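**Q** Sharing a sequence plus its predicted fold:
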Amino acid sequence: MSRIAELWSGLTPNARRGVVGGAVGVAALGLVAAVALSGGGGDDTAAKPKPTTTTSTTAAATTTTTAAPTGPVAPLTGLQVPEQDASLLFRTALAVKVDNLDAPGESAVPQTALPKADVVFEEVVEGNITRLVAVFHSHQPGTVGPVRSARTTDVELLPQLGHPLLAWSGGNAGVVNAVQSSPFIINAGADAMPGSYFRDGSRRAPHNLYVRGDELWTKAPAGTPGPNALFQYRKKGEKNPSLARKSQGVDLSWGGGAASSNVSWRWDGQARVYKRNQRGRPHTDSGGAQLTAKNIVVMVTEYVPSYADSRSPQAKTVGSGELFVFTNGRVIHGRWDRPDIAKPATLVDDKGAPVLLSPGQTWIELPKSGGTAAITR
């Protein structure tokens, strides 16, 4: 048995499939986002990458081709991984709570390691600012941060991944108890693994706590399975559905306030990715590159006062709501439905058909009901 076959045989069904099967019918509700469908955007099918070829300079010249990965599919990206990385799919997911305060005079930007995440969630916290939950699985993240405190939103959000590790830096007593008592979350916070966290003296506290992410997988009990797949993906060459409309991207606002930073994603047809802007400028990582994603999944979400602190909003990610999926230069409107805390949401379009994403990194945006998701011309 080859090494890939041996690794593949040990993966969970969800990790093997790399998809979420089945469509769920949902009741139609009115739009809560301001929408203006446009006529610009990408092609009907994803661009076909050209193989890289090199010619060796021997007596009889020969041509070799660099082959695409042919290993198992990563459940959180839909991408095949090369044989040397296949063992990474055995491990559980690592979720890191990442600071995203970006206010005049005080900012956590730029962050470190977000491009290496398989999935990134963006949720609203106090003051209508957002925090990020970066989920790592198929890549080694190295150093990640800045790391900040958890919220009760995370206690309901993370079980859809199975039994993920959570890197975080505390919270009020109610939040700490909720995280530590969750049967789904493996505590890999600064209290549990203090040796893996450090402060960067060149940055202003509290936006200077970082974690050596690669060390945290040792905290997971032996045999902890890999994450559940969150999405279904288009096959190579598969066309967009008839309901998909050309769109250059999406603008998101979180409720206003001096520290609240609006976000926009814009489709780059040449690079075939969405590029992120925050507070009217490119949102870059610590290496200076603008953050990008293959898919932007906007799940319009109800927020209620947290049971741990009434001043803190809690996203109700178990439930249902309006959906906008931006993929391949188009937008698909529909509904999300998640009745079970231990399972991911099902995404369907307005005809009840499953929404298919492009393989690659996905950002899941959780704006408030009544907020804005404006599709640009």
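**A** Nice, I can see it.
**Q** Where do the helices of the stretch 101-250 of the chain begin and end?
**A** In the stretch 101-250 of the chain, the helices defined using DSSP state H, counting those that start in this stretch lie at 152-157, 173-181.
**Q** Redo these as a markdown table? Include distance to P313.
**A** Yep, even glycine has a C-beta here, placed from its N, CA and C like the rest. Putting the helices of the stretch 101-250 of the chain into a markdown table (distance: least, CB to CB, whole Å) gives the following:
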| stretch | distance to P313 |
| --- | --- |
| helix 152-157 | 8 |
| helix 173-181 | 13 |
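**Q** can you list the weak-confidence ranges in the stretch 251-377 of the chain?
**A** Along the stretch 251-377 of the chain, segments meeting pLDDT under 70 span 370-377.
**Q** Also the stretch 1-150 of the chain?
**A** For the stretch 1-150 of the chain (pLDDT under 70), the answer is 1-69.
**Q** what's the closest of the helices of the stretch 101-250 of the chain to R234?
**A** Closest to R234 of those, according to CB to CB: helix 152-157, at 25.4 Å.
**Q** helices and strands around the closest one, which ones?
**A** Judged by 3 or more CB pairs under 8 Å, 6 or more residues apart in numbering; DSSP states H and E, helix 152-157 is in contact with strand 119-124, helix 173-181, strand 313-315.
**Q** Which among those is found nearest to V331?
**A** V331 lies closest, by CB to CB, to one member of the helices and strands packed on helix 152-157: strand 119-124, at 17.7 Å.
**Q** so how far is M299 from the residue nearest to R330 when sequence neighbours are not counted?
**A** Closest residue to R330 apart from its sequence neighbours, by CB to CB, 6 or more residues apart in numbering: A244 at 4.0 Å. Distance check for A244 against M299: by CB to CB, to the nearest Å, it reads 18 Å.
**Q** what does F198 give?
**A** According to CB to CB, F198 stands 34 Å off from M299.
**Q** So for these two, which residue has more residues nearby?
**A** Of the pair F198 and M299, M299 is the one with more neighbours under other CB atoms under 10 Å, namely 23 against 15.
**Q** partner residues bridging the more buried one?
**A** Per DSSP bridges, the residues bridged to M299 are L323.
**Q** right, and it touches A345 too?
**A** Yes: when contacts are counted by CB atoms under 8 Å, M299 is listed as touching A345 (6.9 Å).
**Q** intersection of neighbour lists for those two?
**A** Common neighbours of M299 and A345, using CB atoms under 8 Å, 6 or more residues apart in numbering, are T317, W336.
**Q** need the contact list for the residue lying closest to G145 once chain neighbours are set aside.
**A** Once flanking residues are discounted, G145 sits nearest to Y210: 3.5 Å by CB to CB, 6+ apart. Residues near Y210 by CB under 8 Å, 6+ apart: T112, T143, V144, G145, P146, V147, Y197, F198, R199, D200.
**Q** dump the residue contacts of the fourth one.
**A** When contacts are counted by CB under 8 Å, 6+ apart, G145 is found next to V96, V98, D99, Q111, T112, A113, D200, N208, L209, Y210, V211.
**Q** let's see 10 Å
**A** 96-99, 108, 111-113, 134, 167, 169, 197-200, 203, 207-213, 286 (CB atoms under 10 Å, 6 or more residues apart in numbering).
**Q** which among the residues you listed end up buried?
**A** For those, a burial check counting by 16 or more other CB atoms under 10 Å picks out 96-99, 108, 111-113, 134, 167, 169, 197, 207-213.
**Q** what number of residues lie near S107?
**A** With other CB under 10 Å as criterion, S107 counts 18.
**Q** swap in R281?
**A** Other residues lying near R281 total 10 when counted by other CB under 10 Å.
**Q** Show the end-to-end separation of stretch 160-168, please.
**A** 18 Å (CA to CA, to the nearest Å).
**Q** how about that stretch: buried residues?
**A** Q160, L161, G162, H163, P164, L165, L166, A167, W168.
**Q** how close does the first one get to L76?
**A** Right, Q160. Per CB to CB, Q160 is found 11 Å from L76.
**Q** now do the second one
**A** Per CB to CB, L161 is found 8 Å from L76.
**Q** Check I296 too.
**A** I296 sits 15 Å away from L76, going by CB to CB.
**Q** what do you get for G269?
**A** Plainly put, G269 is 25 Å away from L76 if you go by CB to CB.
**Q** That's all I had, so thanks and see you.
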